[in-house]
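Chemist: Give the three-dimensional model of this entry:
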Amino acid sequence: LDAELTRTGNVQLEIIDKQIMSLHQAYIESESFYAPLTSLVQSSGFGKTRICLDMLKVRPGIYMVLRKPESSGVPAEQDWMRSFFDFVFKSGCSDSLHFENIGIKASNYSSGRFLLALDLIISAYIKRFEELYKEGKSISDILKHLTSLFYKKNKLQTSEIYVDSCFDSLNFSSLNHETISIADLVTKLKTKFTALDKYIRSNSFPFLLILDSADYLDELRSRNVANSKIPGLDIVRRGLHLLDYKSSFMAIAVGTKSDIVDFSPSIQDNYFLTYSNRKNILPPLFLPGNFDIFFQDYSIHLLNLDKALLCSDVMFKLLVVMGRPLWSACNINDVMLTA
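Modeler: The predicted structure follows:
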């Protein structure tokens, strides 16, 4: 994850960067989309995690790894995410935030809690950014450093402990959701999304929230007063729905063992908090084929993709692992001929 991107990787980064900018513009201009939330759902090996992390090295944003505690996935979940989960999803409490100021019903869900937690995380990010800037660090070095704090290798592979604990010390349980209205919280967040614009020339690029392995959110549920369970991703989406549609913000749900429809369920007419003119869903992001990520371990660029290669038992097992990234990197005519 710390290695330099290859030329193909940089092309991927440029493509996804433009896709996000396009979606953000569509969101703020049409005023018809439910929430600033899109998805990136593809097979293992496409470089989803790597591209998202590299994007945060040049664009401001938050990266969350959402994994089960026993998961061996890489990168591993950050330690502070446990208290985030407890506050937003497992508290068993409904929101006490006041919704009347923006003309919507009171909430028995925890979408307001999610926005409060998001505000705390972004505040810590901005504070650390400005501290490092005052120390004379370059913008590039600051963004790279902050991004490194959002991920770590698998707990079984390393005992590395980051000296910078600006996120590890976050105290979500101290947040008071009874003394602030949703309208005030939305206003605060809108300001924070653009707080770093004076340092970074981003051409109106939105502040990002990357939710890696977001399929885990469906296992995290909050109960309302009727004891019906609300999927975690729906809690996040409903919270983002409350944001001012002109907010410079975009969330990306990243998944491997999921379908796009899992991250984009249809908006129902009876959904709580639904503005009558905001019912469309942003289309998903898509990474083109890329097997450049295997160059460091395999000299795959030297392979001649032909019948003899496929007849090799050893190589066939490798192809099963790299399957989709490899085939999608080939011209369709070559794929059909080989098949």
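Chemist: Can you pull the poorly scored residue ranges out of the stretch 101-250 of the chain?
Modeler: 101-109, 152-164, 177, 220-230 (pLDDT under 70).
Chemist: phi, psi of Ala214?
Modeler: Per-residue torsions, Ala214: phi -70, psi -10 (degrees, to the nearest 10).
Chemist: count of neighbours near the closest residue to it other than its chain neighbours?
Modeler: Nearest non-adjacent residue to Ala214, counting by CB to CB, 6 or more residues apart in numbering: Ala253, 3.7 Å away. Bear in mind the C-beta positions are built from the backbone N, C-alpha and C, glycine included. Residues within reach of Ala253, counting by other CB atoms under 10 Å, total 28.
Chemist: what's the answer for Arg278, then?
Modeler: 17.
Chemist: so what's it up against?
Modeler: Residues near Arg278 by CB atoms under 8 Å, 6 or more residues apart in numbering: Glu31, Ser32, Phe33, Tyr34, Ala35, His241, Tyr245.
Chemist: redo that, cut-off 7 Å
Modeler: Glu31, Ser32, Phe33, Tyr34 (CB atoms under 7 Å, 6 or more residues apart in numbering).
Chemist: again with Ser32
Modeler: Asn277, Arg278, Asn280.
Chemist: okay if I get those residues as CSV plus secondary structure?
Modeler: Output for the contacts of Ser32, formatted as CSV (DSSP: H, G, I helix; E, B strand; the rest coil):
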residue, secondary structure
Asn277, coil
Arg278, coil
Asn280, strand
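Chemist: what would those look like in a markdown table with pLDDT and distance to Arg50?
Modeler: Output for these, formatted as a markdown table (pLDDT from 0 to 100; distance: CB to CB, whole Å):
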| residue | pLDDT | distance to Arg50 |
| --- | --- | --- |
| Asn277 | 77 | 37 |
| Arg278 | 81 | 33 |
| Asn280 | 87 | 30 |
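Chemist: for the helix or strand hosting Leu118, packing partners?
Modeler: According to DSSP states H and E, Leu118 maps onto helix 111-134. The helices and strands touching helix 111-134, judged by 3 or more CB pairs under 7 Å, 6 or more residues apart in numbering; DSSP states H and E, are strand 61-65, helix 81-88, helix 139-148, helix 182-193, helix 232-241.
Chemist: gap between the spatially most central residue of the chain and Ser181?
Modeler: Nearest to the mean C-alpha position of the chain, by CA atoms, centre = their mean, lies Ile210 at 1.6 Å. Noted for Ile210: a distance of 28 Å to Ser181, by CB to CB, to the nearest Å.
Chemist: And Lys192, by the same measure?
Modeler: 17 Å.
Chemist: how about the nearest residue to Leu132, chain neighbours excluded?
Modeler: That would be Ile142: by CB to CB, 6+ apart, it lies 4.6 Å from Leu132.
Chemist: hang on, isn't the one you found packed against Tyr133?
Modeler: Yes - if you go by CB atoms under 7 Å, Ile142 and Tyr133 touch, sitting 6.3 Å apart.
Chemist: Compare these two (neighbour count), which wins?
Modeler: Ile142 (22 against 14).
Chemist: does Ala251 count as helix, strand or coil?
Modeler: Taking three-state DSSP, the label given to Ala251 is strand.
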